[in-house]
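okay, sequence plus prediction incoming.
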Amino acid sequence: MKKYIFIFFSICFLFCQQNFLYSDDLTQLEQSLKVQNDKEDNYPVFDTPEYKPAFFKMLLILIALIALIFLTFWIFRRLMRMRLSQANLTKNIKILEKRAISPKSLLYIIEIDGKKVLISESNLEVRKIKDLE
């Protein structure tokens, strides 16, 4: 779990580093305008900036961030499933199956020391229904 969190934050850090490149590009643009202004009798020279590369770079970063969000949710779902299955392996009370009957009531098949039991859960109570063989 700690390894996945470390990977997530390191990828986020890399994306943040790319955003700082824009400030370096601005300082280079200002310096080039100064040099051009000094050369041509103090008339400002403005080149039309190229927006296509910046747009595609922004679009690529946006797609990567969306993919990273989905990847993070997938990893957390998988970790939660693994945690549930590992908890069943080491404990004496195991939840074998869970099924929803309605939005507020569930049926469980649990195993306690080798005996299977069917129980129901609702907002008001948990009730043993039947011993299974």
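Sure thing, it's come through. Numbering: from 1, shown residues only.

show me how the protein divides into domains.
Domain assignment of the chain by automatic domain parsing yields the ranges 1-90, 92-133.

any idea which helix or strand comes after the helix or strand bottoming out on mean pLDDT in the chain?
When each helix and strand of the chain is scored by mean pLDDT, DSSP states H and E, helix 2-39 comes last, with a mean of 61. Downstream of helix 2-39, the next assigned helix or strand under DSSP states H and E is helix 52-90.

just to be sure, residue 120 is in a helix?
No. When classified by DSSP: H, G, I helix; E, B strand; the rest coil, residue 120 is found to be strand rather than part of a helix.

I figured it was touching residue 107, is that so?
Yes. Look at residue 120 against residue 107 with C-beta atoms under 8 Å: they come within range, at 5.6 Å. (C-beta placed from N, C-alpha, C; glycine too.)

shared neighbours, those two?
101, 129 (C-beta atoms under 8 Å, 6 or more residues apart in numbering).

can you classify residue 116 by secondary structure?
Classification of residue 116 by three-state DSSP places it in strand.

right, I'll call it a day here.
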